[in-house]
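Participant: sequence isn't available, so here's the structure alone:
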């Protein structure tokens with residue numbers, strides 16, 4: 001089941017370290033099967049607010065996503081970003097093949113019925 005690294009990064013002034021980070025990041029996640037799904041794209045806010053930028057990197061699974069995040073290669077370049085850009089980054093598993101949201105709703109209704 002795929003996993004995703006999702007970053008919500010705030011606006012930042014251009015800086016040479018950010019450019020270096022962007023140049024080097026693909027080389028850190030490719031060995032773990034990672035690839036950009038969203039990067040350097042304009043987003044459209046449909047509800048609420050979402051200032052800044054969105055980054056999404058797909059991995060084959062959570063194990064690979066965690067291994068990339070913890071890797072020496074990524075940890076070496078991470079400060080190039082974090083010194084200049086404030087943001088939130090999460091690792092999240094995708095849904096399995098054939099996922100049925102109706103089954104999730106059914107389980108939710110059953111749990112609510114038990115609480116009564």
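Facilitator: Structure received. Note that this is a predicted model, so its numbers are computed, not measured. Numbers count the residues shown, from 1 in each chain.

Participant: going forward, measure contacts between C-alpha atoms and count neighbours the same way
Facilitator: Will do.

Participant: can you map out the strands along this structure?
Facilitator: Taking DSSP state E, the strands of the chain run over residues 3-9, 35-38, 53-59, 87-93.

Participant: figure out which of these is closest to residue 29.
Facilitator: Among the strands of the chain, strand 35-38 comes nearest to residue 29, with 7.1 Å by CA to CA.

Participant: who does the closest one pair up with?
Facilitator: Strand pairing for strand 35-38, using DSSP bridges, gives strand 53-59 (antiparallel).

Participant: quick one: contacts of the partner strand?
Facilitator: 2-11, 32-43, 65 (CA atoms under 8 Å, 6 or more residues apart in numbering).

Participant: same thing with stretch 84-94?
Facilitator: For stretch 84-94, contacts defined as CA under 8 Å, 6+ apart pick out 1-13, 15, 18, 61-62, 65-66.

Participant: now those residues: which count as buried?
Facilitator: Burial by neighbour count, 16 or more other CA atoms under 10 Å: within these this picks out 2, 3, 4, 5, 6, 7, 8, 9, 18, 61, 62, 65.

Participant: the nearest residue to the fifth one once chain neighbours are set aside: how many residues sit nearby?
Facilitator: Excluding the flanking residues, the one nearest residue 6 by CA to CA, 6 or more residues apart in numbering is residue 56, at 4.6 Å. Neighbourhood size, residue 56 [other CA atoms under 10 Å]: 18.

Participant: for residue 101, see how far away residue 56 is.
Facilitator: In this view, residue 56 and residue 101 are 22 Å apart by CA to CA, to the nearest Å.

Participant: cool, residue 45 as well?
Facilitator: 24 Å.

Participant: same thing with residue 2?
Facilitator: Applying CA to CA, the value for residue 2 to residue 101 is 17 Å.

Participant: try residue 30
Facilitator: 31 Å.

Participant: which of those two has more residues huddled nearby?
Facilitator: Using other CA under 10 Å, the more surrounded residue of residue 30 and residue 101 is residue 30, with 13 against 10.
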